[in-house]
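Asks: Below is the sequence, then the predicted model.
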Amino acid sequence: MTEYRLGVIGDPIDHSLSPQIHNLFAEQTNLKIDYQPYRVLSENLNSFVKDFFESGGDGLNVTLPHKVQCSQIATSTSPIVDIIGAANTLKSAKRSKDIFAESTDGNGLIQDLQEKSKIGSANILILGAGGSALSIIPSIADCLPKNILLDNRSQEKIQPLIERFNNLTINNSIIDNIDHFEDDIDIVINATSAGFSGAFNWYRDLNLSKKTFFYDLSYTKDNSKTPFLNWAIQYSDNYSDGFGMLINQAALSYELWTGIMPGTTINKSDLIND
Ligand code: NDP
């Protein structure tokens, strides 16, 4: 049986659940994989990636802080990587110099979110204007929401983010000033790291109701709520953390490498307690 040589690169990397997730996928799909976490410093990234693939590696996941640099190392890129300028998955044929870069974050989010809330025709508010906000916007736009609204602590970062989407028709539906938006907000996505060092709070009032669905890209490793979800429950009982996105983006990477889409019904306890 072919053994796939796979891994995840980042700095730090100890926290990554990707090795456990991919080993579960391999068990489930009856494939043999060797999936290792690699802590790689930025200055060694180019040579590490080149050596990994030239010595027979099949695929790498990419996490912070290497997503942008890896999109530049690749010799070919997917349309979504061309737009966002970042990649979370690299693939190469055995011992080839060609490296293909993909980003599965946005579609991983959509696969999870659409099981929980209706995206088409919704007013979707994204909090944050960093790398993860950028990576999810094209996939959200593909689902044809009514409006995508953006808000960020540093307001000056919103416009440059929108300008990246200038050549796409979705630009028409991205709203950067939510102050005068009076329609209901159906979904709020937290793409910030606010709350990492204390309670989550947003700096201004938002037009939220008990029908609003709250989705946090961050996740906990147990049944506790993230700081954002602890804030969200004052409005609504409809919410989810980003564990499902984590599983789905991994499944899409696994499919890219092996041609087989694994099942994504995985519980936190399947990963943390083994
Ligand atoms: P970035 O560093 O690129 O962006 C951070 C964002 O958070 C910025 O918009 C920043 O605002 C905002 N922010 C930080 N602190 C505060 C605060 N105290 N109050 C308000 N806003 C704040 O991070 P990423 O976009 O890469 O990641 C964001 C989150 O998404 C992380 O928690 C990450 O773990 C999660 N994520 C989850 C994934 C999954 O698979 N579930 C995949 C990818 C990311 P400002 O511009 O003002 O600094």
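Replies: Yep, that arrived.
Asks: Might you enumerate the residues of this structure proximal to the ligand?
Replies: 105, 128-133, 152-154, 157, 191-194, 217-219, 242, 245-246, 249 (CB under 6 Å from any ligand atom). Where you see a C-beta, it was placed from the backbone N, CA and C, and this is true even at glycine.
Asks: Would you write a ChimeraX line that selects the buried entries of the residues you listed?
Replies: Under the burial definition 16 or more other CB atoms under 10 Å, those of these that qualify are selected in ChimeraX by:
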select :105,128,129,131,132,133,152,191,192,194,217,218,219,242,245,246,249
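Asks: Taking this protein, what residue is nearest to the ligand?
Replies: Among all residues of the chain, G130 sits closest to the ligand, at 2.0 Å; criterion: CB to the nearest ligand atom.
Asks: Please report how far the closest residue to T104 other than its chain neighbours lies from Q159.
Replies: Among residues not flanking T104 along the chain, L252 sits closest, at 3.8 Å (CB to CB, 6 or more residues apart in numbering). To Q159, L252 is 30 Å away according to CB to CB, to the nearest Å.
Asks: now S76
Replies: For S76, the distance to Q159 equals 30 Å [CB to CB].
Asks: same question, I21
Replies: Taken as CB to CB, the span from I21 to Q159 is 36 Å.
Asks: And the chain, split by domain according to the record?
Replies: Per automatic domain parsing, the structural domains of the chain span 3-104+245-271, 117-237.
Asks: Distance from the first one to the middle of the chain?
Replies: Distance of domain 3-104+245-271 from the chain centroid (CA atoms, centre = their mean, to the nearest Å) equals 13 Å.
Asks: Figure out the length between the terminal residues of that domain.
Replies: Start and end residues of domain 3-104+245-271 are separated by 22 Å (CA to CA, to the nearest Å).
Asks: what's the average pLDDT for that domain?
Replies: The pLDDT scores in domain 3-104+245-271 average 96.
Asks: What is the three-state secondary structure of D14?
Replies: Here D14 is recorded as coil under DSSP: H, G, I helix; E, B strand; the rest coil.
Asks: Quick one: neighbours of it, just the number.
Replies: For D14, the neighbour count with other CB atoms under 10 Å is 7.
Asks: And it, how far from H66?
Replies: Noted for D14: a distance of 15 Å to H66, by CB to CB.
Asks: Check Q159 too.
Replies: 27 Å.
Asks: Comparing these two, which shows the higher neighbour count?
Replies: For Q159 versus H66, neighbours defined as other CB under 10 Å are more numerous around H66 (24 against 11).
Asks: residues in contact with that one?
Replies: By CB atoms under 8 Å, 6 or more residues apart in numbering, H66 lies in contact with 9-11, 40, 42, 45.
Asks: Secondary structure and neighbour count for those residues - can I get that in a markdown table?
Replies: Formatted as a markdown table, the contacts of H66 follow (DSSP: H, G, I helix; E, B strand; the rest coil; neighbours: other CB atoms under 10 Å):
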| residue | secondary structure | neighbour count |
| --- | --- | --- |
| I9 | strand | 23 |
| G10 | strand | 20 |
| D11 | coil | 15 |
| V40 | coil | 22 |
| S42 | helix | 10 |
| L45 | helix | 19 |
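Asks: For A86, which non-adjacent residue is spatially closest?
Replies: Per CB to CB, 6+ apart, closest to A86 is K67, 4.0 Å.
Asks: Three-state assignment for V81, please.
Replies: helix.
Asks: wait, isn't it in contact with E102?
Replies: Yes. Using CB atoms under 8 Å, V81 is in contact with E102, at 6.3 Å.
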